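1. Predicted model and sequence below, questions to follow.
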Amino acid sequence: MLEKYLVVGIVFAACLLLVAYTQLSSRDKADDHLSLKDRLQKEFPGFKVIERNQNIIICKEGANPRIPDELVLIRIDPNQRKNLRTSGKMLIATYAKQPSVREIKKDAAPYLV
């Protein structure tokens, strides 16, 4: 009877170790200290990411290099819930807390073509 509990305990401990290992190794340690702007620039290398008035803007180079073509504007406002709206061809995304890069990528994918 004791052998059954021992086997179950070993399998349970192995599963816990496996879950802990996969969760810790999947996070990139170098990206922990980067700001949201830097992480977005790393994720979208073909675009220019700028920060203006506490907003982050994902742009692409237009015909005039001094005036970039703004595609996505990201705002973080704790007093509002998540809100996605368009203004012309630009997406204005408002988040209540700092969003993950995955969430921004999913929300902004149609606008970053």
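-> Sure, I can see it.

2. any idea which residue sits dead centre in the chain?
-> The centroid of the chain falls nearest to V101 when counting by Cα atoms, centre = their mean (1.0 Å).

3. where does the chain have its least confident helix or strand?
-> helix 2-26 (a mean of 87; mean pLDDT, DSSP states H and E).

4. From the contact counts, what lies against it?
-> Helix 2-26 sits against no helix or strand, with contacts defined as 3 or more Cβ pairs under 8 Å, 6 or more residues apart in numbering; DSSP states H and E. In short, each C-beta sits where N, CA and C put it, glycine included.

5. Partner strands of the longest strand along the chain and their direction?
-> Ranked by residue count and defined by DSSP state E, the top strand of the chain is strand 69-76. If you go by DSSP bridges, strand 69-76 pairs up with strand 55-60 (antiparallel), strand 90-95 (parallel).

6. need the next SSE after it, C-terminal direction.
-> Toward the C-terminus, strand 69-76 is succeeded by strand 83-87 as the next helix or strand (DSSP states H and E).

7. CA atoms only: put that following strand into PDB for me.
-> Provided in PDB are the C-alpha atoms of strand 83-87 (Å, rounded to 0.1, in the frame of the first residue of the first chain):
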ATOM      1  CA  ASN A  83     -11.500  50.100 -25.800                       C
ATOM      2  CA  LEU A  84     -10.600  49.700 -29.400                       C
ATOM      3  CA  ARG A  85     -11.800  52.300 -31.900                       C
ATOM      4  CA  THR A  86     -10.600  53.600 -35.200                       C
ATOM      5  CA  SER A  87      -9.900  57.100 -36.400                       C
END
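
8. where in the protein is pLDDT low?
-> Low-confidence segments of the chain, defined by pLDDT under 70, are located at 25-32.

9. let's see 80
-> Flagging of the chain using pLDDT under 80 yields the residue ranges 1, 24-33, 113.

10. Show me what T94 is bridged to.
-> With DSSP bridges as the rule, T94 is bridged to R75, N83.

11. what's the angle from the longest strand of the chain to strand 83-87?
-> 150 degrees (axes from the mean of the first three to the mean of the last three Cα atoms, to 10 degrees).

12. Would you mind writing the CA trace of strand 69-76 as PDB?
-> Taking Å, rounded to 0.1, in the frame of the first residue of the first chain, the C-alpha atoms of strand 69-76 are listed here in PDB:
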ATOM      1  CA  ASP A  69       2.300  57.400 -40.900                       C
ATOM      2  CA  GLU A  70       0.700  56.600 -37.500                       C
ATOM      3  CA  LEU A  71      -1.100  53.200 -37.500                       C
ATOM      4  CA  VAL A  72      -1.700  52.300 -33.900                       C
ATOM      5  CA  LEU A  73      -2.000  54.600 -30.800                       C
ATOM      6  CA  ILE A  74      -1.800  52.800 -27.400                       C
ATOM      7  CA  ARG A  75      -3.100  54.500 -24.300                       C
ATOM      8  CA  ILE A  76      -3.000  53.100 -20.700                       C
END
